[in-house]
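Novice: how does the following fold in three dimensions:
(3 chains)
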Amino acid sequence: MEQYPSLTFRLDSQSGLAPYRQLVDQVRLAVRTGLLRDGDQLPSVREVVTQITINPNTVHRAYRELEHQGIAEGRAGLGTFITSRKRATLNVTERASLEQALRDWVIDARRAGIDEETIRELMRTVLRQDGTVRS
Amino acid sequence: MIEGISVLEAVNLGKRYRRTWGLQDCTLTIPKGRVAALVGPNGSGKSTLLRMAAGLSQPSVGTLRVLGRSPSPGTDDLRERVGYLDQDRPLYKGFRVVEMLRFGEMNNPTWNMDVAKNHLARLDIPLRSRVSDLSGGQQAQVALTLCLSKQPELLLLDEPGAALDPVAREDLLRLLMRQVADSESSVVLSTHALSDVAAICDYVVVLAHTRVVLSDDTEYIVETHRILSIVDDRDLALPPGITVIHEQHNARGRSLLVRVELPFNDDRWRVDRPTLEEIVLAYLRAGSPHGDGRDVDETEDGAR
Amino acid sequence: MWVVWRQQRSIAAAFFLLAIVVSVWTLIMGLHEQTLWREFLSAPCKGNPGGLTASNLKDCQSLWSSVSSSGKLNEVVLGIGIAFAPLFGLILGVNAVAHEIEQKTIRLAWTQSGSRVRWLTNKYLGSVVLLVVILAPLCWLFSWWVGASHDAARITQKVFAISGFVEAACGIFCFALAVVIGLWIRRPGWSLAVAIVLFAAIFLGFTTEVLPNLGSPAVAVMQSTQLGKGSSSGFYSTGGAPANSWPLWTGFEPETEKTVPSHSLMNRLTTNMNRCQASETPSLTESFCAKQLGVTRILLYIPGNQFWTLQFLEGGFYLIAAALLAALSLFAVRKVKA
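Specialist: Residues are numbered from 1 along each chain as shown, chains lettered A, B, ... in the order given. Got it, this is the predicted structure:
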């Protein structure tokens, strides 16, 4: 019986991010927010493919990337597990300050008269462009 | 880009029907281990290519290799390793589902009856029902199960999601992905709607008017294409190393979907990342004689 | 093979039921006529309505009328007997190939692991077994019926096809024909129509043109008193031909000859006889002209003991033709596009 606690992957076809990146990001977020802890097992490739419609190669790729980043490790015959090897946790203070910055931004945006839909659109565009800047 | 062994390799492949060509100048290589989508409107040559790969019809021109062999009616061992699902998903209407499985078992030495029965049990398709009593989606599942249960190295699927309601289509694609996860088969499927299968494809071949206009890994495609847009400055020249695939004009300026060969740094252009669908649509529009906006460049196919 | 039987199952079942119905009816009819003929043949007139005397006139006439009225249904049995095997073979053949092509299931069948040649071979083997299993008893039954109903001697052209095993050979030939035509026309309805027309032409052509020339005819000299008396069906010796033979045609031959005359000689002598008989008024009797020209009237017939030779010749023709068509189809199947 798998024991991964309530981690359900979701793919956003509009995000412009490659699917494997989305999975990686979702795992990283889950680890940062404490949803996944050290030693928790990630869903097997087969289980993910049953949950969502996704290419198994994509899942393999995501898990390999997570191993590369030191967030998870594969144990032969058993699966992929969250590891404590090199991890940047979001501690309470960092998280609170980021949340506050975001809240301030949203207040500014509302004052400027921008509705929620436009805010989401802006988020998407910035995330897309984020890739260009990095490369 | 060729990594390891390819499952499908075509060189100048063409198929002629009486007075028209069903496919022409097709050169592409699909590597092993991919889920590849052949995308294009009806009549663009997808079914023609798949039928030739399955050995059902012969090329008029050029060569075709599937798993390294030529798929003629003479190569029997190739058919053991390749599963084909036709657009019409033919089944023997008078048979019961269990009799269709028996058909598969008698005709395929590599048949795995447990795999077949498990697939159908998971979908709640009763073995004793007659094929003609099943819904369209269930018939498609049975037909796909017939392909999957002989555990082929390569699956050739012609429009597997067509004419299915979204739920049935999702079920079918998940069934397929489970098989790929379990057995590492390669898949080549055709579709006229990329959005149906975008979630599962990691290799894309775009066909327009019986010609290949793009073929590559989805990741590479997405990494190497951008949307450049500019407002009001219509005569701004493009940076070098940029190939325009399709251009659109509107009241506020130009928007170009381009392929990037050299890194560039030009702040006057606004750069966005297109989705895979936007890229494919641009290639399809560019390949069509009634393209939107200006058809600037001749598109090149993705062969390297 | 299981697949072939499963696919041909409904057609075979339908024809099997039809065969049962036909058999029962043929059996009843045959037994009925057999009884009537036995009475007729053992009557004082010995089955010959021409051999009447005043005393047995009434009995013989009534026996003869009951025999001939029951014989009216013979044509129906004959028609069924001739049509059953070819239709069975043709429909099986059309279902085996043309139907699969039209339904596109050919794309399913030809992408399984076996070869097309093996696929088609299995179709042949499975279907031929079905044909033989259902047709063999029917052939035996129809042969019996020919003997019981006295419709004609078994070697005569009329009933030769349903005696012996020729019909079974026709059925197998028709299967191969329908397969080849199906590969070409690719639609079951049209394939069946074309195949029916082709087979009808071949069958009629063979029966009327080829068959009479396959046997070696013998000569029987006829007495002029035998002319016009009784039937020359050949079951019993009346009208000149021995029993159970197939009378071909009558004519004339020089008195001195005993061998089979050539066609040209017979035509010449018939013309001469006609001229002779028409030349004088009142017209002279045949015996007078015959004496004058030195000829006798003869009857050419195929003796009954050639029955099995002819069966093997006609049956062999259909079976060899079937084998050739099968070879053609096995070669062509690799070129056909799905």
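
Novice: low pLDDT regions in the chain?
Specialist: Let's take chain A. A:1-6, A:16, A:84-92, A:129-135 (pLDDT under 70).

Novice: sorry, should have said chain B
Specialist: Within chain B, the stretches with pLDDT under 70 are B:1-4, B:233-234, B:288-304.

Novice: mind telling me what element whichever residue of it sits closest to chain A is part of?
Specialist: Closest to chain A within chain B is residue B:181: 3.9 Å, counting by C-beta to the nearest C-beta. In short, each C-beta sits where N, CA and C put it, glycine included. Using DSSP states H and E, residue B:181 falls within helix B:166-183.

Novice: could you point out which element follows that helix?
Specialist: Sequence-wise, the next helix or strand beyond helix B:166-183 is strand B:186-191, with elements assigned using DSSP H and E.

Novice: for that next one, name the packing helices and strands.
Specialist: Judged by 3 or more C-beta pairs under 8 Å, 6 or more residues apart in numbering or on different chains; DSSP states H and E, strand B:186-191 is in contact with strand B:6-17, strand B:35-39, helix B:46-53, strand B:154-157.

Novice: packing partners for the third one?
Specialist: Here helix B:46-53 touches strand B:6-17, strand B:20-31, strand B:35-39, strand B:61-66, strand B:82-85, strand B:154-157, strand B:186-191, going by 3+ C-beta pairs under 8 Å, 6+ apart.

Novice: and the strands in the stretch 151-300 of chain C, which stretches?
Specialist: C:218-221, C:246-254, C:295-302 (DSSP state E, counting those that start in this stretch).

Novice: about what we covered before: hmm, the residue of chain B closest to chain A is touching residue A:56, no?
Specialist: Yes - checked against C-beta atoms under 8 Å, the pair residue B:181 and residue A:56 is within contact range at 3.9 Å.

Novice: hey, what's in contact with both of those two?
Specialist: When C-beta atoms under 8 Å, 6 or more residues apart in numbering or on different chains defines a contact, the residues bordering residue B:181 and residue A:56 alike are A:45-46, A:49.

Novice: just the buried ones from these?
Specialist: A:45, A:49 (16 or more other C-beta atoms under 10 Å in any protein chain shown).

Novice: could you dump the shared contacts of residue B:181 and residue A:56 to a markdown table with distance to residue C:189 and secondary structure?
Specialist: A markdown table is the format used below for the shared contacts of residue B:181 and residue A:56 (distance: C-beta to C-beta, whole Å; DSSP: H, G, I helix; E, B strand; the rest coil):
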| residue | distance to residue C:189 | secondary structure |
| --- | --- | --- |
| A:45 | 51 | helix |
| A:46 | 49 | helix |
| A:49 | 46 | helix |
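
Novice: can I see the domain layout of the chain?
Specialist: You didn't pick a chain, so chain A it is. A:19-82, A:92-134 (automatic domain parsing).

Novice: actually it's chain C I care about, not the one you picked
Specialist: For chain C, automatic domain parsing gives the domain ranges C:2-214+C:306-332, C:218-304.

Novice: got these as JSON lines, with mean neighbour count and distance to residue B:284 columns?
Specialist: Formatted as JSON lines, the domains of chain C follow (neighbours: other C-beta atoms under 10 Å in any protein chain shown; distance: least, C-beta to C-beta, whole Å):
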{"stretch": "domain C:2-214+C:306-332", "mean neighbour count": "18", "distance to residue B:284": "27"}
{"stretch": "domain C:218-304", "mean neighbour count": "16", "distance to residue B:284": "76"}
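
Novice: which one of those has the lowest average pLDDT?
Specialist: When those are compared on average pLDDT, domain C:218-304 comes out lowest at a mean of 76.

Novice: now for residue B:80, how many residues are close by?
Specialist: If you count neighbours by other C-beta atoms under 10 Å in any protein chain shown, residue B:80 ends up with 18.

Novice: assumed it was part of a strand.
Specialist: No - under DSSP: H, G, I helix; E, B strand; the rest coil, residue B:80 sits outside any strand and is assigned helix.

Novice: give the buried residues for the helix holding residue B:181.
Specialist: B:168-181.

Novice: what helices or strands is the longest helix anywhere in chain C leaning on?
Specialist: Longest helix of chain C, by residue count under DSSP state H: helix C:2-42. Counting contacts by 3+ C-beta pairs under 8 Å, 6+ apart, helix C:2-42 packs against helix B:97-107, helix C:57-70, helix C:74-96, helix C:116-149.

Novice: so what touches the first one?
Specialist: In other words, helix B:97-107. B:91-92, B:95, B:111, B:113, B:116-117, B:120, B:125-131, B:134, B:142, B:145-146, B:149-150, C:2-3, C:6, C:109, C:112-114.

Novice: restricted to strands, list these.
Specialist: Secondary structure assignment by DSSP state E places none of these in strands.

Novice: buried among these? Make that a ChimeraX selection.
Specialist: In ChimeraX, a selection of the buried entries from the contacts of helix B:97-107 looks like this (16+ other C-beta under 10 Å):
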select /B:91,92,95,111,116,117,120,125,131,134,142,145,146,149,150 /C:3,6,109,112,113,114
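
Novice: skipping adjacent residues, who's closest to whichever residue of the stretch 51-200 of chain C sits closest to chain A in space?
Specialist: Here the stretch 51-200 of chain C gets closest to chain A at one residue, residue C:111, 24.3 Å apart by C-beta to the nearest C-beta. Spatial nearest neighbour of residue C:111, excluding adjacent residues (C-beta to C-beta, 6 or more residues apart in numbering or on different chains): residue B:84 at 4.0 Å.

Novice: repeat for residue B:115
Specialist: Residue B:115 sits nearest to residue B:149 (C-beta to C-beta, 6+ apart), 5.0 Å away.

Novice: would you mind listing what in the stretch 101-250 of chain C touches chain B?
Specialist: Residues of the stretch 101-250 of chain C lying close to chain B by C-beta under 8 Å from any C-beta of the partner chain are C:103-116.

Novice: relative to residue A:121, which of the helices and strands packed on helix B:46-53 is closest?
Specialist: strand B:35-39 (27.1 Å; C-beta to C-beta).

Novice: start to end distance for stretch B:36-54?
Specialist: Distance across stretch B:36-54, first residue to last, is 16 Å (C-alpha to C-alpha, to the nearest Å).

Novice: okay, buried residues for that stretch please.
Specialist: For stretch B:36-54, using 16+ other C-beta under 10 Å, the buried residues are B:36-40, B:44-54.

Novice: just the closest of those to chain C, please.
Specialist: residue B:54 (5.2 Å).

Novice: the residue nearest to that closest one when sequence neighbours are not counted: how many residues sit nearby?
Specialist: In space, and not counting its chain neighbours, residue B:54 is closest to residue B:84: 3.9 Å by C-beta to C-beta, 6+ apart. Neighbour count of residue B:84, defined by other C-beta under 10 Å: 25.

Novice: may I have the beta-bridge partners of residue B:84?
Specialist: residue B:156 (DSSP bridges).

Novice: picking up where we left off before, the residue nearest to residue C:111 touches residue B:160, doesn't it?
Specialist: No - in this structure, residue B:84 is not within contact of residue B:160 by C-beta under 8 Å, at 11.2 Å.

Novice: residues touching the residue of the stretch 51-200 of chain C closest to chain A, list them.
Specialist: Residues in contact with residue C:111 (C-beta under 8 Å, 6+ apart) are B:54-56, B:79, B:82-84.

Novice: likewise for residue C:163?
Specialist: C:142-143, C:146, C:154-155, C:307, C:311 are the contacts of residue C:163 under C-beta under 8 Å, 6+ apart.

Novice: try residue B:174
Specialist: Per C-beta under 8 Å, 6+ apart, neighbours of residue B:174: A:49-50, A:53.

Novice: go with 6 Å
Specialist: Contacts of residue B:174 were listed using C-beta atoms under 6 Å, 6 or more residues apart in numbering or on different chains, and they are residue A:53.
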